[in-house]
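In: quick one: sequence plus predicted model below, questions after.
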Amino acid sequence: MNDTTQRVLSLLNLLQSRPVWTGAELAERLGVTTRSIRRDVERLRELGYPVRAEHGTGGGYQLGAGKALPPLLLDDEEAVAVAVSLRLAAGGTVTGLGEAAVRSLAKLDQVLPARLRSEVKGVIDATVSLDGPVTPVDADILVALARAVRTPERATFDYTKPGGERSERRVEPYRLVAAARRWYLMAWDLDREDWRTFRLDRMVAARGTGWRFKPRDAPDAVEYVQSSITQAPYQFVAKVRIYAPAHQVAERVPPTMAVVEPDGEASILTAGADNLDYVAYHVVRLGWPVTVIEPPELREAMRELAERLTAAGA
């Protein structure tokens, strides 16, 4: 049975290495009869690999595309290349690719031999990209947290707050969210007994603990993280009605700066700030008529901005 399994895996590896093989070529490579090749092809088909067989000149066995993606066999060089590419993609700027890269990297890292992990780390350490993320994140932290989310299992890490205070955090990790070239973790903080958002670039030594947990009823991860990074850290939460469709406003306002919601034919923009002059400037710069909903201090900031602009244009 072991010999048969090894032969079937070797057959799969050959089929993945080039488009078409004749039965005779495969039999010669594997040291068996063409009848054995036919049986092994059937075994691969039973496992979900769509192996096509075409007769005649130019025909042979070919690994085709199926309805689902079966496992791929990778040699050492291919595994290192894929892992390096996924790590670079996880911090890249291609829309929607980062999160998929992290999920794939977590699966690959789980089965990657230690000797190949060191090769991947060596390539990454020696690589510099001009198009890299503004705020770099250790790929090992991404992988550890992605695996903990997938299991799911509790995780711990050392976390540094914006003011420099550092502490160990114990969490139940739920989702990784990529936003504006930064990575965030939405998790249940076990010590504070509440939901929290953590920036991965402020973490050190993230790791799973092996302790499984039963998932809680969680808020929408994207909405929660967006609210956390656009409102929660700030002294003021500004809310204005903009007389333009929400989809048009959202095209000009990054999701990490404000939340834009439809309000009939208008829209409501909500943003946090420690300096309301900053909010007033950016709201006016959008170019649409606006009405301040709250706070009252924002109305004063808008009046002062109007006076300065009028004086400058006089």
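Out: Noted; the coordinates are in hand. Numbers count the residues shown, from 1 in each chain.

In: can we go C-alpha only for contacts and neighbour counts from here?
Out: Will do.

In: from residue 21, how far off is the nearest residue to residue 54 once chain neighbours are set aside?
Out: Closest residue to residue 54 apart from its sequence neighbours, by C-alpha to C-alpha, 6 or more residues apart in numbering: residue 60 at 5.2 Å. With the distance defined as C-alpha to C-alpha, to the nearest Å, residue 60 ends up 5 Å from residue 21.

In: right, and the residue nearest to residue 54 touches residue 22 too?
Out: Yes: using C-alpha atoms under 8 Å, residue 60 makes contact with residue 22 at a distance of 4.3 Å.

In: longest helix in the protein, by number of residues?
Out: When the chain is parsed with DSSP state H, its longest helix is helix 296-313.

In: elements contacting it?
Out: In this structure, helix 296-313 packs against helix 276-285, with contacts taken as 3 or more C-alpha pairs under 8 Å, 6 or more residues apart in numbering; DSSP states H and E.

In: now the helix it packs on: average pLDDT?
Out: For helix 276-285, mean pLDDT is 91.

In: residue 121: which element?
Out: Assigned by DSSP states H and E, residue 121 belongs to helix 114-125.

In: let me know the pLDDT of the residue nearest to residue 54.
Out: 87.

In: run a quick neighbour tally on it.
Out: 18 (other C-alpha atoms under 10 Å).

In: quick one, strands of the stretch 201-314 of the chain?
Out: 203-212, 236-242, 259-263, 266-273, 290-294 (DSSP state E, counting those that start in this stretch).

In: and the ones you listed: which comes nearest residue 82?
Out: Residue 82 sits nearest to strand 203-212 of all the strands of the stretch 201-314 of the chain, at 22.9 Å, using C-alpha to C-alpha.

In: what lines up beside that closest one in the sheet?
Out: Strand pairing for strand 203-212, using DSSP bridges, gives strand 153-160 (antiparallel).

In: pull the distance from the partner strand to the chain's centre.
Out: Distance of strand 153-160 from the chain centroid (C-alpha atoms, centre = their mean, to the nearest Å) equals 18 Å.
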